[in-house]
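Trainee: quick one: sequence plus predicted model below, questions after.
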Amino acid sequence: MANMIYFLYLFGFLPSVIWLLFYLRKDAHPESNRMILKIFFFGLLIAFFAIFLEKGFQKITSNSLLVIFLGGAFIEEYLKYLVVRVGVFRNPELDEPPDLLLYMIISALGFAALENILVLGNYHPILTPVKALEVMGWRFVSATFLHALCSGTLGYFLALSFFYTHQRKKIFVTGLFIATTLHGLYNWSIIEIESLTRFILPMVILITLSLLVSSWFKKLKRLKSVCLFH
């Protein structure tokens with residue numbers, strides 16, 4: 001029985017792996033499997049650190065807006081960025097504008113994988129294959145997708161910041177602010193709003209960001225290679 005439960009926890013990787021395969025197909029010059037796995041794994045590990053920071057923030061204040069936006073969304077978006085900053089910056093494989101957007105998404109999907117596993121853990125000991133697929137199916141189109149899109153948003157602004165070096169910090173902060181705000185609005189709506197309207201804002205955010213991230217990939221592909229990253 002214990003082995004079956006551990007096997008079912010592996011279902012937590014499914015949403016992230018499916019989205020990972022989807023976005024990797026958008027890369028005209030694929031990154032090495034080593035780099036992909038490294039950033040994914042680091043994204044997963046940083047999620048543990050996020051848990052401690054978020055718990056600590058909740059002890060500082062009980063203000064729900066601060067907890068949702070600063071103690072949740074901001075911490076998560078910034079930590080996912082740190083994975084890319086530490087693991088990718090100055091690496092010779094970072095040689096094209098879309099790479100930053102893609103690596104941010106990879107980091108986010110690793111982060112989301114741990115979240116999904118922890119969510120499945122909440123159903124112990126009544127977790128079944130059907131329940132695991134049901135929960136992960138919902139996470140696939142909601143929370144996991146949100147992580148990828150918000151980090152992809154920051155990745156786009158991060159890539160732009162290397163072209164407009166005189167405004168690099170301003171562009172980065174703008175991207176971080178947008179990613180954090182949309183992530184926070186998504187969480188706020190599903191936590192604070194009661195009734196079916198709680199799903200309208202998350203749906204609008206997901207659809208809008210999915211269209212934007214797709215167009216940003218295409219836009220970055222048209223820009224020249226950016227060896228100036230190094």
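Mentor: That came through fine.
Trainee: next, P30: secondary structure please.
Mentor: coil (DSSP: H, G, I helix; E, B strand; the rest coil).
Trainee: count the residues that sit near it.
Mentor: Neighbour count for P30, taken as other CB atoms under 10 Å: 11. In short, each C-beta sits where N, CA and C put it, glycine included.
Trainee: same thing with the one 3 residues further on?
Mentor: Residue crowding around N33 was assessed by other CB under 10 Å; the count is 9.
Trainee: next: L66.
Mentor: L66 has 15 nearby residues by other CB under 10 Å.
Trainee: that one sits in which helix or strand?
Mentor: Using DSSP states H and E, L66 sits in helix 64-68.
Trainee: quick one: the helix or strand containing I51 to chain centroid distance?
Mentor: Per DSSP H and E, I51 falls inside helix 33-60. Centroid separation for helix 33-60 versus its chain: 11 Å, with CA atoms, centre = their mean, to the nearest Å.
Trainee: where does pLDDT dip in this protein?
Mentor: Along the chain, the parts satisfying pLDDT under 70 run over 1-4, 224-230.
Trainee: find the nearest non-adjacent residue to T61, please.
Mentor: V67 (6.7 Å; CB to CB, 6 or more residues apart in numbering).
Trainee: list the contacts of the one you found.
Mentor: The contact partners of V67, by CB atoms under 8 Å, 6 or more residues apart in numbering, come to 57-58, 61.
Trainee: can you list those residues in CSV and add neighbour count?
Mentor: Formatted as CSV, the contacts of V67 follow (neighbours: other CB atoms under 10 Å):
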residue, neighbour count
F57, 16
Q58, 13
T61, 12
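Trainee: closest to V130 out of those?
Mentor: For those, the closest approach to V130 (CB to CB) belongs to Q58, at 33.3 Å.
Trainee: any idea how far the closest residue in space to L158 that isn't next to it in sequence is from V84?
Mentor: Residue nearest to L158 in three dimensions, not counting chain neighbours: L100, with 4.9 Å by CB to CB, 6+ apart. In this view, L100 and V84 are 7 Å apart by CB to CB, to the nearest Å.
Trainee: cool, and S151?
Mentor: Counting by CB to CB, the gap from S151 to V84 is 9 Å.
Trainee: and those two? Which one has more around it.
Mentor: Between S151 and V84, counted using other CB under 10 Å, S151 has the larger neighbour count: 31 against 26.
Trainee: burial of the nearest residue to I106 once chain neighbours are set aside, as a residue count?
Mentor: Nearest residue to I106, sequence neighbours excluded (CB to CB, 6+ apart): I39, at 4.6 Å. If you count neighbours by other CB under 10 Å, I39 ends up with 27.
Trainee: how about H183?
Mentor: H183 has 26 neighbouring residues, counting by other CB under 10 Å.
Trainee: same thing with Y164?
Mentor: 10.
Trainee: which residue sits closest to it, ignoring its sequence neighbours?
Mentor: I171 (6.1 Å).
Trainee: can you check L53 too?
Mentor: Using CB to CB, 6+ apart, the nearest residue to L53 is I75, at 5.1 Å.
Trainee: what separates the one you found from Q58, distance-wise?
Mentor: Counting by CB to CB - I75 and Q58 are separated by 11 Å.
Trainee: got any residues that touch both of S151 and V84?
Mentor: 104, 107.
Trainee: mutual contacts of L100 and V84, please.
Mentor: Going by CB under 8 Å, 6+ apart, residues that sit against L100 and also against V84 are 155, 158.
Trainee: which SSE is the residue nearest to L53 in?
Mentor: helix 75-87.
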